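Participant: Could you look at this predicted model? Sequence included:
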Amino acid sequence: MRSTQLRRLGLASVLALLVALFGLAPTASAADPAPADLTFTSDSATTTPGGTVNLSMTITNHRTYDVWFVYQTIEPTWLTTQRPDLKYTFSGCNLATATGSVPCSGTGPTNLGPNYGSTIPPGQSRTVTLTLQVAADSGCNGNIGFYSYYYAEFSDSTSTSGGPAYTPETRVLCA
């Protein structure tokens, strides 16, 4: 009987310690935004073999310091890789600027960071649009989707990383 009481006391002590530790842990304020975030939009939810869809990626700087450097990857989702009949490439890349759209480089599953152009001032965003070209001989009735991780450095020598951020899926329909 005594060993049962000791086990209960030991278990209660461990639980109390866990509650005390987690209860004292600092919590993030709901008002504190992420230092930077990455969002995706698409100009179409569907396309046909031979069609194109524009995927826009926007990185927003929520800090009071400039973003100096961004490193970003883009990879197909697991479900996309399970459909080898879906054929696609990134055929273009454009950076939105105040004077219009300018071409960028590094399309595909590579470092997309240089595509965001110069520094991103506090409170501002940069948008890069990738053109997803679906091959004319692609299979259909499947979804193409991507995910991305990013790393950003700020002018105060701090950094942040995030992801995965997911693109909207594009459904390839039979014509």
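Facilitator: Done, it's in. Numbers count the residues shown, from 1 in each chain.
Participant: Does P35 touch Y150 like I think?
Facilitator: No - using Cβ atoms under 8 Å, P35 makes no contact with Y150, being 11.2 Å away. C-beta coordinates here come from the backbone N, C-alpha and C atoms, glycine included.
Participant: Comparing the two, which shows the higher neighbour count?
Facilitator: Using other Cβ atoms under 10 Å as the criterion, P35 and Y150 rank with Y150 on top: 23 against 19.
Participant: Run through who's touching the helix or strand the more buried one falls within.
Facilitator: Using DSSP states H and E, Y150 maps to strand 146-154. Surrounding strand 146-154, the residues in contact under the criterion Cβ atoms under 8 Å, 6 or more residues apart in numbering are 35-36, 38, 40, 55, 57, 59, 61, 63, 65-77, 80, 112-113, 159-167.
Participant: Quick one: the helices in the chain, in order.
Facilitator: Using DSSP state H, the helices found in the chain span residues 2-24, 78-81.
Participant: mean pLDDT lowest for which of those?
Facilitator: Among these, helix 2-24 has the lowest mean pLDDT, at a mean of 45.
Participant: So in this protein, where's the weakest helix or strand by average pLDDT?
Facilitator: Counting by mean pLDDT, DSSP states H and E, the chain has its least confident helix or strand at helix 2-24, which shows a mean of 45.
Participant: Identify the nearest residue to P164 in space, disregarding sequence-adjacent positions?
Facilitator: Spatially, and ignoring its direct neighbours in sequence, P164 is nearest to Y147 (4.1 Å; Cβ to Cβ, 6 or more residues apart in numbering).
Participant: And for that neighbour, the neighbour number?
Facilitator: Neighbour count for Y147, taken as other Cβ under 10 Å: 17.
Participant: any idea how far it is from S42?
Facilitator: Look at Y147 and S42: by Cβ to Cβ, to the nearest Å, they are 14 Å apart.
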